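1. Provided below are the primary sequence and the corresponding predicted coordinates.
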Amino acid sequence: MTRFVVIDTNVVVSGTLRGDEATPPKQIVQAMIGGHLRFLLSNELLREYRRVLLRPLIAERHGLAEAQVDALLLDIVLGATMREVVTVSEGADRIGTAAGPVPAGDIHIAELLRTMSGSVLVTGDRRLAEVVGPWCETFSPADFAATLPR
Amino acid sequence: MPRLTITLSEERQRALKETAARRGTTITALIDESLELAGIRARQSASEILAMAGQDSGLSEEEAMALALEETAKVRAELD
């Protein structure tokens, strides 16, 4: 059975920051919009993708207009399996692990992973990977891109 | 441009013709517009946008990820 993945925001964003198609994050985003990946998405994570993609420092580097960002996100949504996630403020304690509690800003990622048993996380954030690692398999963008069909 | 044959009920086909005539447009344009509204878009467009993105960023792979992490952290810090 193919597992579902959660693609962290840093992967989607860094995928837009380089023109080189061989860059692992770009290959992952291409798989998302091309329908070659089974991935989970929540409204909260989608909003975060958009917020970060439109931050001035990021927008200046990827060079896309707001409408282009929205067009890209629309195709990401079309390929996604949307999940309802309820993030609560005390969630950090509830989903804390031996590696420490999940920081409040990352709880929506942990909650999304929890909506589908066996789902995995792709992230460039080593700290987050360490925190969720005890109960969820994690991949760096490079390692995950290497598993994508050519 | 490729052609596609679809089967519609007589009522739907009549309504389609009437609407096209009323709006002064073609059945093809109406169907194309409806598909767009239904979110059925050409896959190529998002791929093209992605291909364009970051062409002139001047960032290495490591720098791109570092910037993405930094800016994501700022957004998440607002929730902490």
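-> Nice, thanks for sending it over.
2. In three-state terms, label the residue in chain A that chain B sits nearest to for me.
-> Using CB to the nearest CB, the single residue of chain A nearest to chain B is residue A:105, 2.7 Å away. C-beta: built from backbone N, CA, C; applies to glycine. Assigned with DSSP: H, G, I helix; E, B strand; the rest coil, residue A:105 falls in the helix class.
3. Look up the closest residue to it, ignoring the ones flanking it.
-> Take residue A:105 and drop its neighbours on the chain: the residue closest to it by CB to CB, 6 or more residues apart in numbering or on different chains is residue B:76, 2.7 Å away.
4. distance between the helix or strand where the one you found lies and the chain's centre?
-> Under the criterion of DSSP states H and E, residue B:76 resides in helix B:61-77. Computed by CA atoms, centre = their mean, to the nearest Å, the chain-centroid distance of helix B:61-77 equals 27 Å.
5. Can you give me the buried ones in it?
-> B:61, B:64-69, B:71-73, B:76 (16 or more other CB atoms under 10 Å in any protein chain shown).
6. Rebuild those residues as TSV, extending it with pLDDT.
-> Below are the buried residues of helix B:61-77 laid out as TSV (pLDDT from 0 to 100):
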residue	pLDDT
B:61	95
B:64	97
B:65	98
B:66	98
B:67	98
B:68	98
B:69	98
B:71	98
B:72	97
B:73	96
B:76	94
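7. for these, which one is nearest chain A?
-> Nearest to chain A among the buried residues of helix B:61-77 is residue B:76, at 2.7 Å by CB to the nearest CB.
8. Just confirm yes or no for the helix or strand bottoming out on mean pLDDT in chain B near chain A.
-> Ranked by mean pLDDT, DSSP states H and E, the weakest helix or strand in chain B is helix B:43-52, scoring a mean of 85. Yes - contact between helix B:43-52 and chain A, assessed by CB under 8 Å from any CB of the partner chain, occurs at B:43, B:45-47, B:49-52.
9. following the lowest-mean-pLDDT helix or strand in chain A, which helix or strand shows up next?
-> When the helices and strands of chain A are scored by mean pLDDT, DSSP H and E, helix A:91-94 comes last with a mean of 48. On the C-terminal side of helix A:91-94, the nearest following helix or strand under DSSP H and E is helix A:107-114.
10. quick one: average pLDDT of that following helix?
-> Helix A:107-114 comes out with an average pLDDT of 93.
11. Residue B:60 and residue A:58, how far apart?
-> For residue B:60, the distance to residue A:58 equals 16 Å [CB to CB, to the nearest Å].
12. If you count surrounding residues, which of those two has more?
-> For residue B:60 versus residue A:58, neighbours defined as other CB atoms under 10 Å in any protein chain shown are more numerous around residue A:58 (25 against 13).
13. ok, that one to residue B:62 distance?
-> Per CB to CB, residue A:58 is found 16 Å from residue B:62.
14. same question, residue B:46
-> To residue B:62, residue B:46 is 26 Å away according to CB to CB.
15. Please apply the same query to residue A:68.
-> Counting by CB to CB, the separation of residue A:68 from residue B:62 is 25 Å.
16. Alright, that wraps it up for me.
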